[in-house]
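1. Using only what follows, build the 3D model:
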Amino acid sequence: MIGVKGLHRSMLIISVSLSVLLTLTACSGESEGVQEDAGQQNTEIGYSNVDIAGIWDKTAAKEVNLSGKGYEIVSGGVYVFTGETEDGQIRVNVKDGEDVQIVLNGTDISCQNGPAIQIDSDGKTLITAAENTQNRLSAVFSIDDEQKEGKCSVIFSGGDLTVNGTGSLYLSASGGSGIASKGTLKITGGDMEISADCGGISGEQVGIYNGVIDISSVDSSIISRRDGEKGCISVDGGEVALSSSAGCGIDAVGPIQFSAGDVEIDSAEEGIFGDSIRVAGGNLSVWSAGSCISSAASEKPAENDVEISGGILELNSSAGDGVHAGGTVLISGGNTLIQVPADSGRAIVSGGINSLITGGTLIGIGDGDAAENFQQDSRQVSVLYRTTKHAAGTQISVFDYSGEAMTSITAGNSFSCVLFSHPDLRKGESCDFEIGGDRQSVDLSSVVTDAAEKNGMKKGDEQSASLWTSDGSKLLSMIE
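-> Residues are numbered from 1 along each chain as shown. As a prediction, this is how the structure comes out:
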């Protein structure tokens with residue numbers, strides 16, 4: 001994994017049973033169908049065998065050595081490129097309905113006034129990085145390039161574009177973005193590194209099936225925009241590292257879904273921002289200044305839902321919510337760690353309409369004054385435990401009624417509350433919170449329980465602790 005530079009991990013010790021689920025139908029568009037031997041279930045964005053294979057018909061291919069010049073493709077077929085050019089481009093201008101495969105077999109292409117690869121046709125194009133090759137593409141843009149119909153990217157496509165193969169692809173954009181497609185952009189293989197002064201990659205729809213992808217961008221790293229209707233972003237595999245210095249990690253006017261793969265995000269704004277967000281599998285790590293996961297892109301709050309049904313999530317926000325939804329937050333599976341600083345005024349989990357938990361394991365630390373618990377309609381027990389302010393590095397452990405450890409983490413930031421939910425918590429039983437060596441028992445009198453630390457309580461103390469139900473209607477006294 002290339003990895004996001006400078007990321008640090010807190011320790012999350014949770015017993016994990018992960019099943020990669022892919023039952024979501026968030027993305028629109030026709031499915032091209034993946035054969036069962038492809039290794040992953042199909043999503044509606046569609047990954048065909050041709051998309052995935054990363055091979056080409058060598059008997060029908062035309063070989064082109066750039067030799068310091070550019071090259072224009074005017075008819076469909078397979079083109080294998082080698083060589084370099086200091087100021088030229090590969091340009092595709094074929095008839096509608098003709099497909100093109102561009103094989104990069106060891107190339108170094110620089111263009112000083114446009115994309116290194118410019119695909120003007122609206123048909124389907126494959127760009128394949130050949131095995132055991134390194135391919136470098138760079139482009140320079142100025143303000144005057146804005147009139148070029150948004151073609152300010154190292155690779156531009158007027159139609160559907162798939163990037164595949166097993167070779168390496170390095171893209172550098174001065175004054176522009178990495179890859180832009182006016183159709184569906186799919187990445188199904190290769191080792192890709194993108195450095196861009198603007199956005200990373202974009203398309204009406206964006207699907208990632210496989211490959212190693214490292215994007216360092218100023219604006220948002222993965223973007224989906226679709227004229228007249230909503231697009232989507234679907235991460236269905238691969239290893240993805242995103243670093244955005246002035247935007248979001250993933251940004252969509254439409255739904256975003258994760259079914260498999262490893263994703264790391266370091267962003268100056270929201271980590272993941274879209275209309276609705278579904279996490280069904282994979283490993284997702286987010287460090288962001290804004291909310292880590294935020295579904296608020298639509299003007300209709302009921303459409304702005306977040307659902308976590310699987311996967312392993314580590315969410316760290318310095319000035320936003322951990323999970324925020326204009327509509328409903330529903331957690332039904334997975335293992336989730338959320339960290340929000342004390343005194344930030346932001347919530348660990350915040351649903352504009354509902355916040356519900358029915359399964360999975362969640363532990364979150366944050367601001368006790370701003371924290372929200374799940375709602376009583378939840379089917380799994382949760383506890384919001386407010387405590388005094390503790391520093392980063394504090395050890396937090398939770399034990400079940402029998403004294404068996406359920407989870408243990410080392411705090412990555414200051415905190416004054418812990419939000420915890422686990423399938424083994426039972427209404428009518430109890431659990432213990434141990435924070436920095438101090439241990440206190442909490443009676444689980446309700447499906448949703450709020451508790452406050454009793455100062456000075458240690459393991460073995462027989463003291464009372466304040467306890468109230470989530471609606472604040474009844475203050476109880478709890479004795480060990």
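2. Ile52 should be in a strand, yeah?
-> No - with DSSP: H, G, I helix; E, B strand; the rest coil as the criterion, Ile52 is helix rather than part of a strand.
3. if I look at it, how far off is Asn304?
-> Ile52 sits 33 Å away from Asn304, taking C-beta to C-beta, to the nearest Å as the criterion. Where C-beta positions appear, they are placed from N, C-alpha and C, glycine not excepted.
4. Looking at those two, which is more packed in?
-> Of the pair Ile52 and Asn304, Asn304 is the one with more neighbours under other C-beta atoms under 10 Å, namely 25 against 20.
5. which residue packs closest to that one, ignoring adjacent ones?
-> Nearest residue to Asn304, sequence neighbours excluded (C-beta to C-beta, 6 or more residues apart in numbering): Gly326, at 3.3 Å.
6. Number of residues surrounding that neighbour?
-> 23.
7. Ok, Asp96 next?
-> Neighbourhood size, Asp96 [other C-beta under 10 Å]: 8.
8. quick one on the thing from earlier: thought the residue nearest to Asn304 was touching Ile277?
-> No - Gly326 lies out of contact with Ile277 (C-beta atoms under 8 Å); the separation is 11.2 Å.
9. tell me, what's touching these two both at once?
-> Common contacts of Gly326 and Ile277 (C-beta atoms under 8 Å, 6 or more residues apart in numbering): Ser295.
10. show me where pLDDT drops low in the protein?
-> Applying pLDDT under 70 to the chain flags the ranges 1-44, 143-150, 226-230, 297-299, 301-302, 455-480.
11. Okay, and Ser441 sits in which element?
-> Assigned by DSSP states H and E, Ser441 falls within strand 438-443.
12. what about the helix or strand following that strand, distance to the chain center?
-> Using DSSP H and E, the helix or strand that follows strand 438-443 towards the C-terminus is strand 448-452. Mean C-alpha position of strand 448-452 versus that of the full chain (C-alpha atoms, centre = their mean, to the nearest Å) differs by 31 Å.
13. got it, and stretch 270-281?
-> With C-alpha atoms, centre = their mean, you get 7 Å for stretch 270-281.
14. so how far does that stretch reach from one end to the other?
-> One end of stretch 270-281 to the other measures 20 Å (C-alpha to C-alpha, to the nearest Å).
15. for stretch 322-335, same thing?
-> With C-alpha to C-alpha as the measure, the ends of stretch 322-335 fall 14 Å from one another.
16. buried residues in it?
-> By 16 or more other C-beta atoms under 10 Å, the buried positions in stretch 322-335 come out as 322-335.
17. Farthest pair within those?
-> Pairwise distances across the buried residues of stretch 322-335 peak at 25.1 Å for Gly326 and Asn335 (criterion: C-beta to C-beta).
18. Looks like Gly428 contacts Thr449 (just checking).
-> No - using C-beta under 8 Å, Gly428 is not in contact with Thr449, being 11.0 Å away.
19. Which residue of the two possesses the greater neighbour count?
-> Thr449 (26 against 10).
20. Grab the nearest non-local neighbour of that one.
-> Spatial nearest neighbour of Thr449, chain neighbours left out: Val383 (4.9 Å); criterion: C-beta to C-beta, 6+ apart.
21. what's around that neighbour, how many residues?
-> Using other C-beta under 10 Å, the number of residues around Val383 comes to 24.
22. separation between it and Gln375?
-> As judged by C-beta to C-beta, Val383 and Gln375 stand 14 Å apart.
23. I'd guessed Pro423 sits against Leu362; true?
-> No - Pro423 is beyond contact range of Leu362, at 10.7 Å (criterion: C-beta under 8 Å).
24. out of those two, which sits in the more crowded spot?
-> A side-by-side neighbour count of Pro423 and Leu362, using other C-beta under 10 Å, places Leu362 first with 27 against 13.
25. how far away is the more buried one from Val349?
-> Between Leu362 and Val349 the computed distance is 8 Å (C-beta to C-beta).
26. go on, Ala130?
-> According to C-beta to C-beta, Ala130 stands 46 Å off from Val349.
27. Those two - which one has more neighbours?
-> Under the criterion of other C-beta under 10 Å, the comparison of Ala130 against Val349 puts Val349 first, with 32 against 23.
28. Please settle this for me: is Gly281 part of a helix?
-> No - counting by three-state DSSP, Gly281 is not part of a helix but coil.
29. That one is in contact with Ala260, isn't it?
-> Yes - proximity of Gly281 to Ala260 meets the contact threshold set by C-beta under 8 Å, at 5.0 Å.
30. all helices for this structure, in order.
-> Taking DSSP state H as the criterion, the chain carries its helices at 49-53.
31. does Thr82 really touch Ser67, like I thought?
-> No - applying C-beta under 8 Å, one finds Thr82 not in contact with Ser67, separated by 9.2 Å.
32. more crowded one of these two?
-> Counted by other C-beta under 10 Å, Thr82 and Ser67 do not tie: Thr82 has more neighbours, with 18 against 11.
33. who's in contact with the more buried one?
-> 63-66, 105-107.
34. and what of Leu384?
-> By C-beta under 8 Å, 6+ apart, the contact set of Leu384 is 371-373, 417-419, 448-451, 470.
35. next one: Ile117
-> Listed by C-beta under 8 Å, 6+ apart, the contact partners of Ile117 are 89-92, 102, 109, 127, 137, 154-156.
36. Dig out what it forms beta bridges with.
-> Ile90, Ile155 (DSSP bridges).
37. how far away is the closest residue to Gly249 other than its chain neighbours from Val398?
-> Residue nearest to Gly249 in three dimensions, not counting chain neighbours: Ile265, with 3.4 Å by C-beta to C-beta, 6+ apart. Computed as C-beta to C-beta, the Ile265 to Val398 distance reads 27 Å.
38. Looking at the two, which is more packed in?
-> Per other C-beta under 10 Å, whichever of Ile265 and Val398 has more neighbours is Ile265, with 27 against 22.
39. Enumerate every residue touching the more buried one.
-> Applying C-beta under 8 Å, 6+ apart, we find Ile265 in contact with 4, 221, 242-244, 249-250, 271-272, 284-288.
40. again with Thr166
-> Applying C-beta under 8 Å, 6+ apart, we find Thr166 in contact with 54, 129-132, 189-191.
41. biggest separation within those residues, which pair?
-> For the contacts of Thr166, the maximum inter-member distance is 13.6 Å, found between Asn132 and Gly189 (C-beta to C-beta).
42. out of these two, which sits in the busier spot?
-> More crowded of Asn132 and Gly189, by other C-beta under 10 Å: Gly189, with 23 against 10.
43. list the contacts for that one?
-> Counting by C-beta under 8 Å, 6+ apart, Gly189 makes contact with 52, 54, 129, 163-166, 209-211.
44. From those, pick the one nearest Gly175.
-> Taking C-beta to C-beta as the measure, Gly175 lies nearest Val163 of the contacts of Gly189, at 21.9 Å.
45. could you pull out the strands for the stretch 351-480 of the chain?
-> Ranges of strands in the stretch 351-480 of the chain, per DSSP state E, counting those that start in this stretch, are 354-366, 382-390, 395-399, 405-410, 415-421, 430-435, 438-443, 448-452, 464-469, 475-479.
46. As a markdown table, those strands with distance to Gly178 would be great.
-> Output for the strands of the stretch 351-480 of the chain, formatted as a markdown table (distance: least, C-beta to C-beta, whole Å):
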| stretch | distance to Gly178 |
| --- | --- |
| strand 354-366 | 34 |
| strand 382-390 | 41 |
| strand 395-399 | 40 |
| strand 405-410 | 35 |
| strand 415-421 | 37 |
| strand 430-435 | 44 |
| strand 438-443 | 49 |
| strand 448-452 | 45 |
| strand 464-469 | 51 |
| strand 475-479 | 56 |
